[in-house]
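Dropping the sequence and predicted coords here.
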Amino acid sequence: MNSESTFAAPIGGCDSAAAKTDIVDSLIPACVEKKDRSSARPVRALQVLGSLNLGGIEGWLMEVVRHTSRDDLAIDVCTTSSADGVYDEEFISLGGVIHRCPLHRNPWAFGERLEQLLRTHRYDVVHSHLFYFSGFVLRSAARADVPIRVAHIHTMANLLSAPGALRLLYRRWMRRWIDKYGTNFVAASKAGLESIWGPNWHVDPRKQVLYCGISLERFRRSGDRAAVRAELGLPADATLLLNVGRFIPTKRQALLVDIAGHVAARRRGVYFVLIGAGPLQAEVERKAHTSGLSDIVRFVPAQPGIERFWLAADAFVFPSVREGLPIVIIEAVAAGLPIVACDIPGVREAASASFSATLLPLDGTIADWSREILDALARPSLSDADRHALFDRFPFSIEASIQSLQGIYRRSSSQSMECRS
């Protein structure tokens, strides 16, 4: 595959006419007459990320594209992987353009290719989701005279290990470039900003929280508990504990197998459903089999559109120890599920809207997890009416996220957009 491949498709629409008008008005530079909307062009933003596969960043970005119009905010992506992504086809169908810029092992060559791409396509915004490597991305954007250069932090810096002097040097170097070449710095949580820029990050107007919101429309219907249990081959009265996430060490699905055995010894009819994919999936499945728990620990492949599982579950269990702002926690809140998770800053922030969240310390034992799960199941569930009332004050909606996103772009671009028109 070439180092850069571009695909285009017809422009997509917007789900809300009112939201479209608000976004149009807010994105038009102050020096342009709003009554002459036809003379104003959209903000053109390039999002730089690994791929358009299933994941929190990718899912949020797809929701932004689904809920905005390219007449107002034209979002394209640049992927550092040459492989196709799960969302590629839908993204292209909504009018998006995908640029392939494989990273490989030579960051300097990547930077040159990216700079050439940016000089050719003249974006107003480059928005990087590559954590420390955003330094390289923003440097290329600055060299290509892109006026708005956003570094987006999705995890906690102090949760990342730095083995060896070379890795430490790399992080310091990239951090210096992020500070030098970035114009805006956002994070998925307050804790994420603090982990990078310290407790006084809020005194710098260039730094702010950008919550990765979700579409609440996906959660407005009632769940079909019987249909989901039939799909999974479970008894109609089964108690369903849900976990969603990649099978990687920090998500700790192997611990869930141990917890499942402890819970099963104390309550019949409880099943753990693990949705996801990743390098450790086969290992976790083997552990469930060798532990004699294959019947109560079920595995569902990662897939878009899993609302039926959210709305049919009885609780959400999440022992992950490394998160920026976990969207799966936000989705569990929207589904009205009791939550049992690790007490880490990103989880704490995401669970703030929950009616029932229990957060355990990182050194919580299997017995601790089992006890809290059984306690969560004993609490009354949230009715559909109560969930819908919660939506009226929900801080993590996609609409609120889009308002924050276009606000970041607008504040930095009102003058530069007119100059480059």
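Cool, got the structure.

Can you list the buried residues in the host helix or strand of Cys78?
Secondary structure from DSSP states H and E places Cys78 in strand 73-79. Buried residues in strand 73-79, defined by neighbour count with 16 or more other CB atoms under 10 Å: 73-79. (C-beta placed from N, C-alpha, C; glycine too.)

Repeat that for stretch 114-124.
Of the residues in stretch 114-124, 114-115, 117-118, 121, 123-124 count as buried by neighbour count, 16+ other CB under 10 Å.

from what I can see, Arg411 looks like it's in a helix, true?
Yes. Arg411: assigned to a helix according to DSSP: H, G, I helix; E, B strand; the rest coil.

about what we covered before: tell me the mean pLDDT over the next helix or strand after the strand holding Cys78?
The first helix or strand that comes after strand 73-79 along the chain, using DSSP H and E, is helix 88-93. Averaging pLDDT along helix 88-93 gives 97.

after helix 88-93, next one along is what?
Sequence order places strand 98-100 as the next helix or strand after helix 88-93, per DSSP H and E.

Would you mind giving the domain segments of the chain?
With domains defined by automatic domain parsing, the chain comprises 6-213+397-420, 217-391.

Flag every buried residue along the strand or helix carrying Ala282.
According to DSSP H and E, Ala282 maps onto helix 281-290. By neighbour count on 16+ other CB under 10 Å, the buried set for helix 281-290 is 281, 284-285, 287-288.

Counting by contacts, list what that helix packs against.
In terms of contacts (3 or more CB pairs under 8 Å, 6 or more residues apart in numbering; DSSP states H and E), helix 281-290 is packed against helix 253-264, strand 297-301.

Which elements pack onto the longest one?
Under the contact definition 3+ CB pairs under 8 Å, 6+ apart, helix 253-264 sits against strand 239-244, strand 270-276, helix 281-290, strand 297-301, helix 366-378.

Swap in 7 Å and give it another go.
strand 270-276, helix 281-290, helix 366-378 (3 or more CB pairs under 7 Å, 6 or more residues apart in numbering; DSSP states H and E).

so it versus strand 239-244, what angle?
With axes from the mean of the first three to the mean of the last three CA atoms, to 10 degrees defining the directions, helix 253-264 sits at 170 degrees from strand 239-244.

hey, where'd the strands end up in the stretch 51-200 of the chain?
73-79, 98-100, 125-128, 148-153, 184-187 (DSSP state E, counting those that start in this stretch).

got TSV for those, with mean pLDDT and distance to Ile330 too?
Output for the strands of the stretch 51-200 of the chain, formatted as TSV (pLDDT from 0 to 100; distance: least, CB to CB, whole Å):
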stretch	mean pLDDT	distance to Ile330
strand 73-79	97	21
strand 98-100	96	26
strand 125-128	97	21
strand 148-153	94	17
strand 184-187	93	15
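
Of all those strands, which one is nearest Ile306?
strand 73-79 (22.8 Å; CB to CB).

neighbouring contacts of that closest one?
With contact meaning CB atoms under 7 Å, 6 or more residues apart in numbering, strand 73-79 is reached by 23, 27, 42-52, 64-65, 91, 96-101, 114, 117, 406.
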